[in-house]
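Enquirer: Got a sequence here, can you build the structure:
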Amino acid sequence: MTTFAVRPGSSRRLAGTGTLLRFALRRDRLMMPVWIAVNALMVLSMPNTLEGLYGTPAERADLIRQMETNSSLRAMVGPVFGDSLGALTAWRAGVYAGALAAVMSLLVVVRHTRDEEESGRQELVASGMVGRRAALTAALLAAAVANGVLALLLTAGLAGQGTTGALALGLGIAGVGMVFATMAAIVAQLTESARLARGLTAAVLGAAFVLRAAGDSATDDGSSVLTWLSPLGWLENLRPYADERWWVLALLAGSALLQGAVAYGLAGRRDLGMSFLPTRPGPASGRLGSAGALAWRLQRGSVLGWSVGFLLAGVVYGGMTEGAADLVGDNDNARRIFERMGGRSGLTDTFLASMTGMLGLVAALYIVASVLRLHGEETSGRAEPVLANAVGRLRWAAGHLVIAFGGAALIMLLAGFGLAAGYGKETGPILGACLVQLPAIWVIGGVAVLLHGVLPRAAAAAWGVAGVALLIGWVGPALDVPQAVLDISPFGHLPKLPGGSMEWGPVVALTGLAVVLVAGGLAGLRRRDMIT
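Expert: Predicted coordinates:
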C-alpha cells in the first residue's frame, strides 16, 4: 500500500498537473478525436437532413402536432419546442449528442484515474514530485478539453442557424459531458475496479435516459418532474433556438462543480490504490479455477448491463413502430431515408429493419469493449500471473473472446425479444432480423482482435473502426451518401430484414472474414512479446 506524504498548500497538491494533462491528451490522441468527430458530424448533419424532410411550414407544423400526440416518439427523442431548423436539430440530436458526450467523458476520467491506479502506473507517478490531486485534476481537465472542443465545433458549425442557439446547444452538450465526467470521478474513488467504475457510471447514464424518456412521454413540454431529475432532461429544457433558458446552464455547471468537490474530498481521504467500496477477495479455485471462468467473472457485469439495456431498448423501439409509421405518413423524404436504412418493404418492416440495424451498430461498441478487455488485462500486468501457470495464450484469449462474440449474440437475441414484445406481433422474423446483424458485428470484433494481436499499441484504433461504422450507418442514409460509402461498413452488405429477402452470400462472407481476422489476431498474439 502506498500513501502520499502530506504537502501543505493547494499548489503542491496540484504539482505536476500540466505534465499529466499533456500525457493524458497524448494517450487519448486517437480515442478523443473519434468520439468528438462522430458526435459533431451527427449533429452538424441534421440541418440539411431535416430541411429535406420538413422543408415547408406545413410539414413542420404537422411534425409538431404528431409529437404532441405521440408519447412513444417523445420518449425516444423528446418534445419539439420550435419549428426552425435549429430547434429541430436540437430536438432530433440533442439528447443523443449529450449521451455520447457523457460516455466519452466517463471513459476519459476513469481511464486516467482508477485505471492508472489499478494498473500500478499511478504508484510510480506518485513517487515523484506529483501532487495528491494532480491525477484527478488532469483527468477532469482532459475531459473538459474534449467537451470544450466539441462545444466549439458545434457552435461554429450551427452558427448559420443562429449563433445564440448554437452556443446554447454546444454549451449544453458539453455541460452534460462534464456532469458525467465528475460523476465518474466520484465513482472512481468509491470502487476498486475501473471496469466497475465505468459500469456504474454508465448505469447512471442509462437511468438518466430512462427518467427523461418517462417524463417526456407523460408531458409534451418537458415539464415533468422525471424529466427534471435527469441531466439529459436539463439539456432539452435549455431549449436551444427556442427562447433559450440560460439559467439551465447553471444547473449543469453547479452539478459538475458540486460533484467535482465531492470527488476531491474523497480523493483526499483514501490511500492510493484503495477504495471506499473494496472488492471481495477470494481464492482462484472452484468456479474461478479456469481461464474461461475468470474471464466470465471479469466481464459478467458488462454482459448483464448490455443485456438489460438492449432488452429495454427493444421494448421501447417495438412500442414505437406504429407511431413511427404515423409520423412518416406521406413524407417521401423520410420514407426514402428509412428505405436506405431498412430496405424497400412495407413502412413498418422498414422501420423495424432500420432499428435492428441501429442496435447492431451499437452492439459493435460492446464487442470492441469486450475484446479490448484482453488488452487491459495485458497492459495492467494481471495477465502475467495467469499465463505463468498452465494456461496458454490462446486458451487465455479464448475465454474473453467467447464472452465477446457470444455476448454480442446474446444481446442481439434479447433485443429481438424486446422488439417483438413491444411491437406485439410475430417473433420469428424480428429475431431473424436481429441475428442477421451478427456477422457485421463479429467483423468489427475481429478487427479488434487483429489489432490487439498484431499491433497491440494501436489496439485502441478499434474504437475508431466501430465509430466509423456507427457514423456511416447513422448519418450516411440521411445525407444520401453514395452506396460505395455505405459499403465501407460491413453493415452495408447485410440483408434488410424483416421484409426483405434473405441473402446468404454476404452473411457467409462476413462470417468468414470475421474468422480470418480472429485467426490472424490470435496468431499474432501467440508469436509476439507480451506488453510490459
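
Enquirer: Where do the helices of the stretch 1-150 of the chain begin and end?
Expert: Ranges of helices within the stretch 1-150 of the chain are 10-13, 17-27, 31-44, 46-53, 57-69, 71-77, 85-112, 114-119, 121-126, 134-157, based on DSSP state H, counting those that start in this stretch.

Enquirer: tell me which strands and helices the fourth one is in contact with?
Expert: This means helix 46-53. Counting contacts by 3 or more C-beta pairs under 8 Å, 6 or more residues apart in numbering; DSSP states H and E, helix 46-53 packs against helix 85-112, helix 332-342, helix 461-479. C-beta: built from backbone N, CA, C; applies to glycine.

Enquirer: what do you get for the fifth one?
Expert: Using 3+ C-beta pairs under 8 Å, 6+ apart as the contact test, the elements touching helix 57-69 are helix 71-77, helix 291-328.

Enquirer: got those helices as JSON lines, with mean pLDDT columns?
Expert: Converted to JSON lines, those look like this (pLDDT from 0 to 100):
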{"stretch": "helix 71-77", "mean pLDDT": "73"}
{"stretch": "helix 291-328", "mean pLDDT": "78"}
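
Enquirer: Select, out of the ones you listed, the one closest to Ala383.
Expert: Evaluated with C-beta to C-beta, these place helix 291-328 nearest to Ala383, the distance being 9.9 Å.

Enquirer: Off-centre distance for that closest one?
Expert: Distance of helix 291-328 from the chain centroid (C-alpha atoms, centre = their mean, to the nearest Å) equals 13 Å.

Enquirer: Which strands or helices does that helix pack on?
Expert: Checking 3+ C-beta pairs under 8 Å, 6+ apart, helix 291-328 ends up next to helix 57-69, helix 71-77, helix 194-218, helix 332-342, helix 347-371, helix 373-379, helix 393-423.

Enquirer: The longest one vs helix 291-328, what angle?
Expert: Interaxial angle, helix 393-423 versus helix 291-328 (axes from the mean of the first three to the mean of the last three C-alpha atoms, to 10 degrees): 30 degrees.

Enquirer: Just the buried positions in helix 393-423, please.
Expert: Across helix 393-423, burial judged by 16 or more other C-beta atoms under 10 Å covers 393, 396-397, 399-401, 403-405, 407-423.

Enquirer: what about it, distance to the chain center?
Expert: Distance, stretch centre to chain centre, for helix 393-423: 17 Å (C-alpha atoms, centre = their mean).

Enquirer: for the record, mean pLDDT for it?
Expert: Mean pLDDT, helix 393-423: 90.

Enquirer: before we move on, back to that, packed most tightly, which of the helices of the stretch 1-150 of the chain would that be?
Expert: When these are scored by mean count of other C-beta atoms under 10 Å, the highest mean neighbour count falls to helix 85-112 (a mean of 26).

Enquirer: Off-centre distance for that helix?
Expert: 9 Å.

Enquirer: just checking, what packs against that helix?
Expert: When contacts are defined as 3+ C-beta pairs under 8 Å, 6+ apart, helix 85-112 packs onto helix 17-27, helix 31-44, helix 46-53, helix 71-77, helix 134-157, helix 163-190, helix 194-218, helix 231-237.

Enquirer: Tell me the helices and strands packed up against the longest one.
Expert: So that's helix 163-190. Looks like helix 163-190 contacts helix 31-44, helix 85-112, helix 134-157, helix 194-218, helix 231-237, helix 247-267 (3+ C-beta pairs under 8 Å, 6+ apart).

Enquirer: Can you list the buried residues in it?
Expert: Neighbour counts using 16+ other C-beta under 10 Å place 165-190 of helix 163-190 among the buried residues.

Enquirer: Straight-line length of stretch 483-499, end to end?
Expert: Taking C-alpha to C-alpha, to the nearest Å, the first and last residues of stretch 483-499 lie 20 Å apart.

Enquirer: Any idea which residue is closest to the centre of this protein?
Expert: Val103 (5.1 Å; C-alpha atoms, centre = their mean).

Enquirer: give me every residue that touches it.
Expert: Trp35, Phe180, Ala202, Leu205 (C-beta atoms under 8 Å, 6 or more residues apart in numbering).

Enquirer: possible to save those residues as TSV with pLDDT?
Expert: TSV is the format used below for those (pLDDT from 0 to 100):
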residue	pLDDT
Trp35	86
Phe180	95
Ala202	83
Leu205	88
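
Enquirer: about what we covered before: so which of the helices and strands packed on helix 85-112 gets nearest Cys434?
Expert: Cys434 sits nearest to helix 71-77 of all those, at 18.4 Å, using C-beta to C-beta.

Enquirer: Tell me how far that closest one lies from the chain's centre.
Expert: In this view, helix 71-77 has its centroid 20 Å away from the chain centroid, taken as C-alpha atoms, centre = their mean.

Enquirer: That one packs against which elements?
Expert: Contacts defined by 3+ C-beta pairs under 8 Å, 6+ apart place helix 71-77 against helix 57-69, helix 85-112, helix 194-218, helix 291-328.

Enquirer: Can you tell me which of the helices and strands packed on helix 85-112 is nearest to Ser302?
Expert: Closest approach to Ser302 among the helices and strands packed on helix 85-112 (C-beta to C-beta): helix 194-218, 6.2 Å.

Enquirer: Near Leu506, how many residues? Count them for me, please.
Expert: Careful, residue 506 is Pro; it's not Leu. Using other C-beta atoms under 10 Å, Pro506 is surrounded by 16 other residues.

Enquirer: Which elements pack onto the host helix or strand of it?
Expert: Here Pro506 sits within helix 504-527, counting by DSSP states H and E. Secondary-structure packing of helix 504-527 (3+ C-beta pairs under 8 Å, 6+ apart): helix 393-423, helix 438-454.

Enquirer: Any chance of those in CSV with distance to Ser489 as columns?
Expert: As requested, these are exported to CSV (distance: least, C-beta to C-beta, whole Å):
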stretch, distance to Ser489
helix 393-423, 16
helix 438-454, 7
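
Enquirer: so which of those comes closest to Ala93?
Expert: For those, the distance to Ala93 is smallest for helix 393-423, at 22.5 Å, taking C-beta to C-beta.

Enquirer: what ranges of the stretch 351-500 of the chain fall below the confidence cut-off?
Expert: By pLDDT under 70, the weakly predicted segments of the stretch 351-500 of the chain are 475-481.

Enquirer: Lowest mean pLDDT across the helices and strands packed on helix 163-190, which one is that?
Expert: Note on the helices and strands packed on helix 163-190: helix 194-218 shows the lowest mean pLDDT, a mean of 83.
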